[in-house]
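Asks: starting from these lines, generate the structure:
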Amino acid sequence: MIRRVFSLMFLAWAIGFLWFAVALPKPVAKAVTTDAVIVVTGGPGRIARGLEVLDKGLADTMLVSGVDREVRPGEFAAEFGVSPAEMACCVTLGFAAVDTRSNAAETAKWVAQKEVRSLRLVTTDWHMRRAAGELDRTLPDHVTVIRDAVPSQPDLGTLFLEYHKLIASRAAGLADL
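Replies: Below is the predicted model of the structure:
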């Protein structure tokens, strides 16, 4: 009996991992306008995608969550080619977050201060499900979240680790209920 239970658990885990690895979230296919764009730091292409959203007028303002405390706004602007005017009006660097859960907390606080009703979440494809899940648990129900994944070529180790982080995140979310 115990062997069957473990076999079923392993089968569910394996099917879940296969789904996770094969069906990674995609970028938004059409031009969707939101009040803001939220970029979670940590992977290549994320900040560039957020700035592209701003430049196309698909959002009015951007929060970059999880910026290293050593980074200065001028350094950020120089590295990513952001004008001083755009930094002043439209880009907020968030220094409070150190992980995905605190990215969600930092975002929720910023969204409440800015009275944002819709946002575009930008993060890497393999990270999107967990980041969006944390946001779903943290943001008020009236805030719409559009998922805009940055495509990547993750290795098996990255997928394996992120799949287990997703399981742990969902389990923690169930425990909070």
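Asks: on contacts alone, who are the packing partners of the lowest-mean-pLDDT helix or strand in the chain?
Replies: Lowest on mean pLDDT, DSSP states H and E among the helices and strands of the chain sits helix 156-176, with a mean of 90. The contact analysis (3 or more Cβ pairs under 8 Å, 6 or more residues apart in numbering; DSSP states H and E) places helix 156-176 against helix 2-22, helix 100-114, helix 125-138. The C-beta positions use only the backbone N, C-alpha and C, and glycine is treated the same way.
Asks: redo that, cut-off 7 Å
Replies: Helix 156-176 is packed against helix 2-22, helix 125-138, with contacts defined by 3 or more Cβ pairs under 7 Å, 6 or more residues apart in numbering; DSSP states H and E.
Asks: can I get the CA coordinates of the shortest one in CSV?
Replies: As requested, C-alpha coordinates have been extracted for helix 125-138 and formatted as CSV (Å, rounded to 0.1, in the frame of the first residue of the first chain):
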residue,chain,number,x,y,z
ASP,A,125,9.5,32.5,-18.1
TRP,A,126,10.7,29.9,-15.6
HIS,A,127,10.1,32.3,-12.7
MET,A,128,6.7,33.6,-13.9
ARG,A,129,4.3,31.1,-12.2
ARG,A,130,5.9,31.6,-8.7
ALA,A,131,6.2,35.4,-9.0
ALA,A,132,2.6,35.7,-10.2
GLY,A,133,1.4,33.3,-7.5
GLU,A,134,3.0,35.4,-4.8
LEU,A,135,1.5,38.6,-6.3
ASP,A,136,-1.9,37.0,-6.5
ARG,A,137,-1.8,36.3,-2.7
THR,A,138,-0.5,39.8,-1.9
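Asks: which of the residues in it are buried?
Replies: In terms of neighbour count (16 or more other Cβ atoms under 10 Å), helix 125-138 has its buried residues at 125-135, 137-138.
Asks: now the following helix or strand past that helix: average pLDDT?
Replies: Helices and strands here follow DSSP states H and E; after helix 125-138, the next one along the chain is strand 144-150. When pLDDT is averaged along strand 144-150, the result is 97.
Asks: now do the buried residues in strand 144-150.
Replies: 145-150.
Asks: and for that strand, what's in contact with it?
Replies: Applying Cβ atoms under 7 Å, 6 or more residues apart in numbering, the external contacts of strand 144-150 come out as 24-28, 32, 34, 43, 45-46, 49, 117-125, 128, 132, 135, 139.
Asks: please repeat the previous calculation with a cut-off of 6 Å.
Replies: Contact partners of strand 144-150, identified using Cβ atoms under 6 Å, 6 or more residues apart in numbering, comprise 25-28, 32, 34, 45-46, 49, 118-122, 124-125, 128, 132, 135.
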